[in-house]
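Visitor: everything below, folded, please.
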Amino acid sequence: MPTFQTEASVEIEADIETVRAALTNFETWPIWSPWLYVEPDSKVTFHGSSGSIGAGNSWIGEKTGQGTITLVKNEPTRLELDLKFIKPFKSQADVYFDLIANGDNKTKINWGMNSSLPFFMFWMKGSMVAMIKSDYRRGLLLLKDHIEVGKILSSATFHDLVNVDEMPYVGLHGSCAIENVADAMSKRFSSLQQAIDVVNTSETFTIYNRLDIKTGKLDYTAAVGLGAAKQAENKDPSTPLIKGKRAPCKAIKVTHVGPYRHLANAWYMAITEQRHGKYKTMSKAPPFEVYRNNPKDTHENDLITEIFIPIRP
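Guide: Down below sits the predicted model:
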């Protein structure tokens, strides 16, 4: 069977003991789990005593599947766990957390997995590694909130299907690595704002033209809607503006409230709903996200972002 290994990391402002205590208290896992975030109604049960070998939890849900995770090693700087999946298919994985003191009252966490795929799924190895790494990265950022602040600073709500009108726009093309998207997009929108005078801007949004999950590369368009007047003057001819129309569509909609660093959770929710509902996406209408308030005058915890995945009629 094809084997694979993947890992994600984050730095948390807390000492190792505090981090280790949080990780070995399985009753807190539903708070920061990157999977239960999108299906909080999953049934979760717990076994064993917190921090003890043999402690863990089991879960079952329509979208999260079914499985169990159990602590098998608890050392000062390393935890090892046995992960068993029952649904959507049976498999086993060795999961670990390495904890590294990183200065005063800071801990770096490496969350990793060693596992294998059934032979008939060998072709999914690259995608599986990328997806699990993405999931771990989402979970670690939620864990960081949980430990540092005492609560998760974002939420996501699925709205089922909505009709979206056509939107003429002007924008700038961009590409970057997924982990650098926040910084890259901020600079792109700043360049767009400096390049144009827009009359009747109706909304600000990003069109995600292409995502290569294996390489982690993202191709996007940072855009502003032109509204009824459909006017935009380019103040900087050296900036290669794109003019186009976002096609009308029926789409899956998820609303995210909170810091942009947690947006991947809302996208995961939207994609999960798309797959669960067996909706087919529109190749000529890429997914997009709309920003309903401005980060310059809004606290990051109150930022509202709407995510849309166009589907075929």
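Visitor: pretty sure Leu81 sits in a helix.
Guide: No - according to DSSP: H, G, I helix; E, B strand; the rest coil, Leu81 belongs to no helix; its state is strand.
Visitor: spatially nearest residue to it (excluding sequence neighbours)?
Guide: Distances taken as C-beta to C-beta, 6 or more residues apart in numbering put Val95 closest to Leu81, at 4.3 Å, once the chain neighbours are dropped. Glycine gets a C-beta too; all of them are placed from N, C-alpha and C.
Visitor: the helices in the stretch 101-250 of the chain, which residues?
Guide: 125-148, 181-195 (DSSP state H, counting those that start in this stretch).
Visitor: please identify the most buried of these.
Guide: Ranked by mean neighbour count, these are led by helix 125-148 with a mean of 19 (mean count of other C-beta atoms under 10 Å).
Visitor: send the alpha carbons of that one over as CSV?
Guide: What follows is helix 125-148, C-alpha atoms only, in CSV (Å, rounded to 0.1, in the frame of the first residue of the first chain):
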residue,chain,number,x,y,z
LYS,A,125,-1.5,10.2,-2.5
GLY,A,126,-0.4,13.7,-3.5
SER,A,127,-3.9,15.2,-3.0
MET,A,128,-4.3,13.3,0.4
VAL,A,129,-1.0,14.7,1.7
ALA,A,130,-2.0,18.2,0.7
MET,A,131,-5.5,18.0,2.1
ILE,A,132,-4.4,16.6,5.5
LYS,A,133,-1.7,19.2,5.8
SER,A,134,-4.4,21.9,5.1
ASP,A,135,-6.7,20.3,7.7
TYR,A,136,-4.0,20.3,10.3
ARG,A,137,-3.1,23.9,9.6
ARG,A,138,-6.7,24.9,10.0
GLY,A,139,-6.9,23.0,13.3
LEU,A,140,-3.7,24.4,14.7
LEU,A,141,-4.9,28.0,14.1
LEU,A,142,-8.2,27.1,16.0
LEU,A,143,-6.2,25.5,18.8
LYS,A,144,-4.1,28.7,19.0
ASP,A,145,-7.3,30.7,19.6
HIS,A,146,-8.5,28.2,22.1
ILE,A,147,-5.3,28.3,24.2
GLU,A,148,-4.4,31.9,23.9
